[in-house]
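1. Kindly return the folded structure for what I paste below:
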Amino acid sequence: MAKHRSILIAEDEPDTANLLQFHLQRRGYQTTVASDGLNALNLSFERHPDLVILDLMLPKLHGFEVCRMLKTSPSTRHVPVFMLTALASTENKLEGFSLGASEYMTKPFEMSELLARIDSLLRLPRTD
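-> Numbers count the residues shown, from 1 in each chain. So this is what the prediction gives:
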């Protein structure tokens, strides 16, 4: 199922980005890492990933703004956004979902749960 599916990891913490990349690649996903919000947005428009894992507290452009821009662009609005962040308040979660996030998970996280949620999201049919 994971064959040839691409995931953009927008994460400014190198250890977290490397850990995500390692586990996702082991599952057969192709991964790209963006270390700031502006780069994440540009790479999303350029590569049209099957999923974006989005930290919120990113340099250059906040994750909420990245999500808003992805979800308002015709070329990327269908791409699921999985928010993975230390921002754990209900208000932040509601904001994420209101902007179009498909998933919201807080750090620290269990890798097995994260991978199960990603697999589940990518099994859902796309509604282009």
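
2. For the rest of this, base every contact and every neighbour count on C-alpha atoms.
-> OK.

3. Distance of the most centrally placed residue in the chain relative to S44?
-> Centroid-nearest residue in the chain, with CA atoms, centre = their mean: I53, separated by 1.5 Å. Separation of I53 from S44 (CA to CA, to the nearest Å): 11 Å.

4. Report the set of residues contacting both of the two.
-> Common neighbours of I53 and S44 (criterion: CA atoms under 8 Å, 6 or more residues apart in numbering): L8.

5. Return the distance of L19 relative to K71.
-> Counting by CA to CA, the gap from L19 to K71 is 27 Å.

6. now do D119
-> Counting by CA to CA - D119 and K71 are separated by 21 Å.

7. Between these two, point out the one with more neighbours.
-> Legend: neighbour count by other CA atoms under 10 Å for D119 and K71, higher for K71 (19 against 15).

8. Check for me that that one belongs to a strand.
-> No: if the criterion is DSSP: H, G, I helix; E, B strand; the rest coil, then K71 is helix and not within a strand.

9. So it is in contact with S102, correct?
-> No: the pair K71 / S102 is not scored as a contact, 10.9 Å apart, by CA atoms under 8 Å.

10. D55: how many residues sit nearby?
-> Using other CA under 10 Å, D55 has 28 other residues around it.

11. For it, give me its contacts.
-> D55 makes contact with 10-12, 63, 83-85 under the criterion CA under 8 Å, 6+ apart.

12. now do 10 Å
-> 9-13, 35-37, 62-64, 66, 82-87, 104-107 (CA atoms under 10 Å, 6 or more residues apart in numbering).

13. Quick check: phi and psi on it?
-> With angles defined as degrees, to the nearest 10, D55 sits at phi -70, psi 150.

14. Tell me how far it lies from G96.
-> Relative to G96, D55 is positioned 11 Å away (CA to CA).

15. any common contacting residues for the two?
-> In terms of CA under 10 Å, 6+ apart, D55 and G96 are both contacted by the residues 63-64, 82-83, 104.

16. Among those, which are located in helices?
-> 63-64 (DSSP state H).

17. Throw the shared contacts of D55 and G96 into JSON lines and include distance to E91, neighbour count and pLDDT, thanks.
-> Shown next, in JSON lines, are the shared contacts of D55 and G96 (distance: CA to CA, whole Å; neighbours: other CA atoms under 10 Å; pLDDT from 0 to 100):
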{"residue": "G63", "distance to E91": "15", "neighbour count": "26", "pLDDT": "98"}
{"residue": "F64", "distance to E91": "12", "neighbour count": "24", "pLDDT": "98"}
{"residue": "F82", "distance to E91": "17", "neighbour count": "25", "pLDDT": "98"}
{"residue": "M83", "distance to E91": "14", "neighbour count": "25", "pLDDT": "98"}
{"residue": "Y104", "distance to E91": "12", "neighbour count": "21", "pLDDT": "98"}
